[in-house]
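Participant: Predicted model and sequence follow; I will ask about them next.
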Amino acid sequence: MTRVTNVDMQGVAGIVSRAMFEQLDDLVNELAKLELRLPEIYATGDRRAARDAGRREKELRPVVECYKAYRLAEADLADAREMIGIETDAELKEYLEAEISEKTVSIERLEEEIKELLVPTDPNDGRNVIIEIAGTEGGDEANLWAGDLFRMYQRLADRVGWKIEVMSSQPSDLGGYRDITFMVKGDTAWLRLKYEGGPHRVQRVPSTESQGRIHTSAATVAVLAEADEVDVEIDASTLQIDVYRASGPGGQSVNTTDSAVRITHKPSGLVVACQDERSQLQNRERAMQILRSRLLKMEQDKIDAEVSATRRNQVGSGSRSEKIRTYNFKDNRITDHRIGLTLYSLDRVLTGELDEVIDALAADERRRQLGGE
């Protein structure tokens with residue numbers, strides 16, 4: 001099966017090559033065959049096959065429709081050029097010249113659209129997002145900063161209409177979080193939040209600082225796409241499940257039953273603990289959601305690593321010197337080090353106005369996908 005992601009994009013920005021036509025023709029045929037098979041696939045009740053087929057149709061249709069429009073415009077242009085070569089009526093020749101000019105512009109625009117559509121689609125597009133925030137370097141101040149980041153994403157979600165559900169948290173003594181895991185539900189959540197993964201460094205005077213000195217601390221943010229059961233199959237025999245009593249800040253017990261759950265996935269060594277829900281069953285379901293999403297990310301990272309061995313882990317060491325973004329309170333400054341973007345609007349960013357930063361990161365990703373330097 002020919003994949004959109006395998007199409008050679010060389011030549012699209014100019015004259016579409018013969019090889020390109022052949023591969024685009026393959027996509028037209030693939031979509032036609034898929035449309036015939038869809039009712040049969042849906043009738044089998046195979047959720048994974050139905051989901052994959054639906055996604056493939058959604059991926060193919062825009063590029064096929066654009067390519068058909070390109071071929072039609074190209075045929076119209078050829079007809080107009082042929083007619084103007086034999087036409088003697090001045091008024092009709094003027095009309096044909098305008099038609100040629102219009103079709104030429106249309107073809108150039110469609111070529112660019114085809115190039116854009118052939119950029120590989122993000123496999124996690126449309127998924128909900130699980131975000132894990134943890135204070136790292138900086139002690140209590142790092143935990144307070146983790147809480148500030150959580151509230152920043154809460155406010156962003158409120159602005160754009162996403163829903164947030166806290167899945168697990170360990171509050172710190174001063175009001176922040178040693179770590180917090182939450183789900184963001186929304187059709188655009190992944191495409192907008194996927195850039196947030198990594199160490200976030202803050203420079204400010206902590207509330208606990210009596211001499212007004214600026215401290216630097218950090219919190220890590222991990223962004224995971226929510227995995228469905230059909231995405232990740234987990235053998236129950238590979239899990240170690242422990243239950244214990246939930247605890248609050250300082251370690252004090254917050255209930256009298258063993259409702260907290262810790263799940264260890266033996267093959268990978270991943271450990272997930274949840275205690276925020278009231279029942280053991282609810283905490284177990286939450287922990288399994290997080291585990292599936294972490295395993296999905298591991299698999300996707302493994303695939304990415306085969307393409308680029310230099311890809312770094314999202315969170316890294318969590319060191320203050322290893323950061324994707326710095327928030328400087330004194331100067332009201334935020335700097336995203338990946339793209340060299342600096343804005344003097346930290347106060348607005350912390351209220352959830354992240355659009356300018358996210359848009360710049362999305363534009364940079366798009367430019368790189370299209371072969372820019």
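Facilitator: Everything's here; your move.
Participant: where do the helices sit along the stretch 251-373 of the chain?
Facilitator: 280-307, 346-349, 355-369 (DSSP state H, counting those that start in this stretch).
Participant: so how far is stretch 106-117 from its chain's centroid?
Facilitator: Remark: stretch 106-117 is offset 25 Å from the chain centroid, using Cα atoms, centre = their mean, to the nearest Å.
Participant: Please disregard the earlier target; I meant stretch 150-161.
Facilitator: 16 Å.
Participant: Pull out the buried residues from it.
Facilitator: Within stretch 150-161, the residues that count as buried by 16 or more other Cβ atoms under 10 Å are F150, M152, Y153, Q154, L156, A157. Glycine gets a C-beta too; all of them are placed from N, C-alpha and C.
Participant: same check, this time on stretch 352-364
Facilitator: So for stretch 352-364, counting by 16+ other Cβ under 10 Å, buried means G352, E353, L354, V357, I358, A360, L361, D364.
Participant: Just to check, the second one is in contact with R159?
Facilitator: The reference is to E353. Yes: the pair E353 and R159 passes the contact test of Cβ atoms under 8 Å, sitting 7.4 Å apart.
Participant: Do you have the strands of the stretch 1-150 of the chain handy? List them.
Facilitator: Assignment of strands within the stretch 1-150 of the chain using DSSP state E, counting those that start in this stretch yields the ranges 129-135.
Participant: sorry, back to before: CSV please, covering the helices of the stretch 251-373 of the chain and showing mean pLDDT and distance to V272.
Facilitator: Below are those laid out as CSV (pLDDT from 0 to 100; distance: least, Cβ to Cβ, whole Å):
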stretch, mean pLDDT, distance to V272
helix 280-307, 81, 5
helix 346-349, 97, 30
helix 355-369, 90, 28
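Participant: Export these as CSV, with columns for distance to I214.
Facilitator: As requested, these are exported to CSV (distance: least, Cβ to Cβ, whole Å):
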stretch, distance to I214
helix 280-307, 35
helix 346-349, 14
helix 355-369, 22
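Participant: Tell me which of those helices approaches Y95 most closely.
Facilitator: Closest to Y95 of those, according to Cβ to Cβ: helix 355-369, at 38.4 Å.
Participant: May I have that closest one as PDB, with CA atoms only?
Facilitator: C-alpha atoms of helix 355-369 as PDB (Å, rounded to 0.1, in the frame of the first residue of the first chain):
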ATOM      1  CA  ASP A 355      -1.100  31.300  21.400                       C
ATOM      2  CA  GLU A 356       1.800  33.400  20.200                       C
ATOM      3  CA  VAL A 357       4.300  30.900  21.500                       C
ATOM      4  CA  ILE A 358       2.500  27.800  20.300                       C
ATOM      5  CA  ASP A 359       1.800  29.400  16.800                       C
ATOM      6  CA  ALA A 360       5.500  30.100  16.400                       C
ATOM      7  CA  LEU A 361       6.500  26.600  17.400                       C
ATOM      8  CA  ALA A 362       3.800  25.100  15.000                       C
ATOM      9  CA  ALA A 363       5.100  27.400  12.100                       C
ATOM     10  CA  ASP A 364       8.700  26.200  12.800                       C
ATOM     11  CA  GLU A 365       7.600  22.600  12.700                       C
ATOM     12  CA  ARG A 366       5.800  23.100   9.500                       C
ATOM     13  CA  ARG A 367       8.800  24.900   7.900                       C
ATOM     14  CA  ARG A 368      11.000  22.000   8.800                       C
ATOM     15  CA  GLN A 369       8.600  19.400   7.500                       C
END
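Participant: packing partners for that helix?
Facilitator: helix 189-193, strand 333-336, strand 341-343 (3 or more Cβ pairs under 8 Å, 6 or more residues apart in numbering; DSSP states H and E).
Participant: what helices or strands is the worst-scoring helix or strand of the chain on mean pLDDT leaning on?
Facilitator: Counting by mean pLDDT, DSSP states H and E, the chain has its least confident helix or strand at helix 280-307, which shows a mean of 81. Judged by 3+ Cβ pairs under 8 Å, 6+ apart, helix 280-307 is in contact with strand 129-135, strand 163-171, strand 215-225, strand 260-265, strand 270-274.
Participant: Give me the sheet partners of the fourth one and which way each runs.
Facilitator: Paired with strand 260-265 in the same sheet, following DSSP bridges, are strand 239-244 (antiparallel), strand 270-274 (antiparallel).
Participant: Likewise for the first one?
Facilitator: Based on DSSP bridges, the pairing partners of strand 129-135 within the sheet are strand 177-185 (antiparallel), strand 215-225 (antiparallel).
Participant: if we can go back for a sec, would CSV of the helices and strands packed on helix 280-307 with mean pLDDT and mean neighbour count be doable?
Facilitator: Below are those laid out as CSV (pLDDT from 0 to 100; neighbours: other Cβ atoms under 10 Å):
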stretch, mean pLDDT, mean neighbour count
strand 129-135, 93, 24
strand 163-171, 91, 17
strand 215-225, 92, 23
strand 260-265, 91, 20
strand 270-274, 90, 19
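Participant: so which of these gets nearest R204?
Facilitator: Evaluated with Cβ to Cβ, the helices and strands packed on helix 280-307 place strand 215-225 nearest to R204, the distance being 7.0 Å.
Participant: quick one, that closest one and helix 280-307 angle?
Facilitator: Taking axes from the mean of the first three to the mean of the last three Cα atoms, to 10 degrees, one finds strand 215-225 and helix 280-307 inclined to each other by 90 degrees.
Participant: now strand 215-225: how far from the chain's centre is it?
Facilitator: Relative to its chain's centre, strand 215-225 lies at 16 Å (Cα atoms, centre = their mean).
Participant: Equivalent analysis for stretch 106-124, please.
Facilitator: Relative to the centre of its chain, stretch 106-124 is centred 19 Å away, using Cα atoms, centre = their mean.
Participant: Would you mark the buried spots in it?
Facilitator: By 16+ other Cβ under 10 Å, the buried positions in stretch 106-124 come out as S106, I107, L110, E111, E113, I114, K115, E116, L117, L118, V119, N124.
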